[in-house]
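> Next one to model:
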Amino acid sequence: MTGSDHKDVFKRLRQAYPVFVYRDFDIKHTEGNTSVGFSFDAGDQYSFHPRWQIHYGNWRKNLVANPSKAEGWGFQLGMIEMVSYWKAFCSPYIETWCGALSEDQRAWWFKLYQHGLGEFFYTNGIDIPGDDMLKFITNHPDTDQHSPGSSEPAADRLKVYPPPESVLVPVGGGKDSVVTLELLKRAGYQLIPFVINPRGATAGVLSQAGFPSGEIITMDRQMDPLLLELNKRGFLNGHTPFSAMLAFASSFVATRVGVKHVALSNESSANEPSVPGTMINHQYSKSLAFEKDFRSYAYQYLDEHINYFSLLRPLNELQIGALFSGFTDHHHVFRSCNAGSKQNRWCGKCAKCLFTYVILSPFLPQHYLQEIFGANLFRDTELRSMLFDLCGDGRNKPFECVGTTDEVNTAVVYIIKHMEVKGEKLPDLLQAYRHSHLYEKYQHQDIKEHLQHFDDDHCLDARFETMVKEALKGLDKRLIR
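Here you go, the predicted structure:
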């Protein structure tokens, strides 16, 4: 459902703030750290100065010489950071004062802003804007091919020849990044974990995976507090494509430490729209479409040597749940709950908690899941409508990083049949589902077909593809019996 009707606010803000300015950026290097700052203006009244602080830990010994080469990245990093600030005003024009964009780059950024903010527009009750949404204007004294952010080929700006067996892995503390870490680690790759705004779950997961704090690269993303104040005052607010920011940040860090491979943990399930029949997808910047777009952009304008890909792209959420069920050391430290992330807990009331509980149910017994989550979520009647939304019986899926409706229904049907065979009483949510039309529709789904599937539309090199296929062998043996 749409959350609010802010059409009038949208129109008023666009008229009051017709031009949003990307004024400047700066990059400062000290021993073992990089600080990146940005300057954005909305009219004469509001200025924003967010900053990234990157700490390389023990990997500072790997830092590529001549950090001035990183200057070419500064403009590009600001372009992605700017999304969070522009969306408060939705100005019809963005002026770039510190770099130039080619026509192809303008089209690329327009697509990201439009698709990446699809949920933002939808939940604010705003029709997805067309071509008049945004135009980029260069207001830069030197727009030749050597200015930061220009369309100069990446190969002419930055030469990096990294060791092929090193992989930088962004870690969020959920089950997906655990699976990526463990698969690569067991295959013998040298891993460099990268964490933005560390929290309890990321520390717990990486500790269980055997990484001391000095072996982890961290980034503190410091938002300008003025933005939070404007949110309270009624300026536009909503979801932004965080994973797109992660793509730029992780690729920048990889070039700084001389690493070629950047392995994300996005699965094929992320491609399904949150609102059926539309382009509105909470996970747009986790989708294969964005992954391919970013790979092309990085090759042309950032660094041709970066291999940005998602290791889990050929997989669905059921396969990831099955794989995760075998990594028992992580079961009590991982968290996939955004609402409880600051307290490092499962809130037990959000769609992310419920989805994770559902997708693990075919592989882990209920008493064990209750121990992990602190409650049996299938007994919580307040979650009934949320379950049916996850199953596709609502106007849209919950705006969270969740699996496809097909995967959720398949998991629910499996656990219902398992409990009935065992003669166990179905808890309230499963009882409601059992007597719904959804059970009739999905009761013949074979979960083993999901566990055996491999999506060939991905960006994995042959050796990574082979590794993932090997991990899938015998996956149906993980099902509870």
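> now the strands: where do they sit in the stretch 201-350 of the chain?
Per DSSP state E, counting those that start in this stretch, the stretch 201-350 of the chain carries strands over the ranges 217-222, 261-264, 307-310.
> I'd like the distance between the residue nearest the centre of the chain and residue 249.
Residue closest to the average C-alpha location in the chain (CA atoms, centre = their mean): residue 243, at 3.5 Å. According to CB to CB, to the nearest Å, residue 243 stands 10 Å off from residue 249. C-beta here means a position set from N, CA and C on the backbone, and glycine is covered the same way.
> Alpha carbons of the lengthiest helix in the chain, as PDB, please.
Longest helix of the chain, by residue count under DSSP state H: helix 405-421. Provided in PDB are the C-alpha atoms of helix 405-421 (Å, rounded to 0.1, in the frame of the first residue of the first chain):
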ATOM      1  CA  THR A 405       6.100 -15.100  -3.400                       C
ATOM      2  CA  ASP A 406       6.600 -18.500  -5.000                       C
ATOM      3  CA  GLU A 407       9.500 -19.300  -2.700                       C
ATOM      4  CA  VAL A 408       7.600 -18.200   0.400                       C
ATOM      5  CA  ASN A 409       4.500 -20.300  -0.500                       C
ATOM      6  CA  THR A 410       6.700 -23.300  -1.200                       C
ATOM      7  CA  ALA A 411       8.400 -23.000   2.200                       C
ATOM      8  CA  VAL A 412       5.100 -22.600   4.000                       C
ATOM      9  CA  VAL A 413       3.500 -25.600   2.200                       C
ATOM     10  CA  TYR A 414       6.500 -27.800   3.000                       C
ATOM     11  CA  ILE A 415       6.500 -27.000   6.700                       C
ATOM     12  CA  ILE A 416       2.700 -27.600   6.900                       C
ATOM     13  CA  LYS A 417       2.900 -31.000   5.300                       C
ATOM     14  CA  HIS A 418       5.900 -31.900   7.400                       C
ATOM     15  CA  MET A 419       4.000 -31.000  10.600                       C
ATOM     16  CA  GLU A 420       0.900 -32.900   9.500                       C
ATOM     17  CA  VAL A 421       2.800 -36.000   8.700                       C
END
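> And the next helix or strand past it?
Helices and strands here follow DSSP states H and E; after helix 405-421, the next one along the chain is helix 428-434.
> contact partners of that next one?
When contacts are taken as CB atoms under 8 Å, 6 or more residues apart in numbering, the neighbours of helix 428-434 outside the stretch itself are 377-381, 383-384, 387-388, 391, 412, 415-416, 419, 426, 439.
> Which among those residues count as buried?
By the neighbour-count criterion of 16 or more other CB atoms under 10 Å, the contacts of helix 428-434 include these buried positions: 377-378, 380, 383, 387-388, 391, 412, 415-416, 419, 426, 439.
> The longest strand along the chain pairs with which strands?
Criterion DSSP state E: the longest strand present in the chain is strand 19-30. The strands beside strand 19-30 in its sheet (DSSP bridges) come out as strand 33-42 (antiparallel), strand 93-96 (parallel).
> which residues are contacting that strand?
Taking contacts as CB under 8 Å, 6+ apart, the residues outside strand 19-30 that touch it are 34-43, 67, 70-71, 73-75, 77-79, 82, 85-86, 89, 91, 93-99, 137, 139, 148.
> Would you write a PyMOL line that selects the buried entries of those residues?
Here is the PyMOL command that selects the buried residues among the contacts of strand 19-30 (16+ other CB under 10 Å):
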select buried, resi 34+35+36+37+38+39+40+41+42+70+73+74+75+77+78+79+82+85+86+89+91+94+95+96+98+99+148
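> The closest residue to residue 376 other than its chain neighbours: what secondary structure?
When the adjacent residues along the chain are set aside, residue 376 lies closest to residue 370, with 4.6 Å between them (CB to CB, 6 or more residues apart in numbering). Assigned state for residue 370: helix (three-state reduction, DSSP: H, G, I helix; E, B strand; the rest coil).
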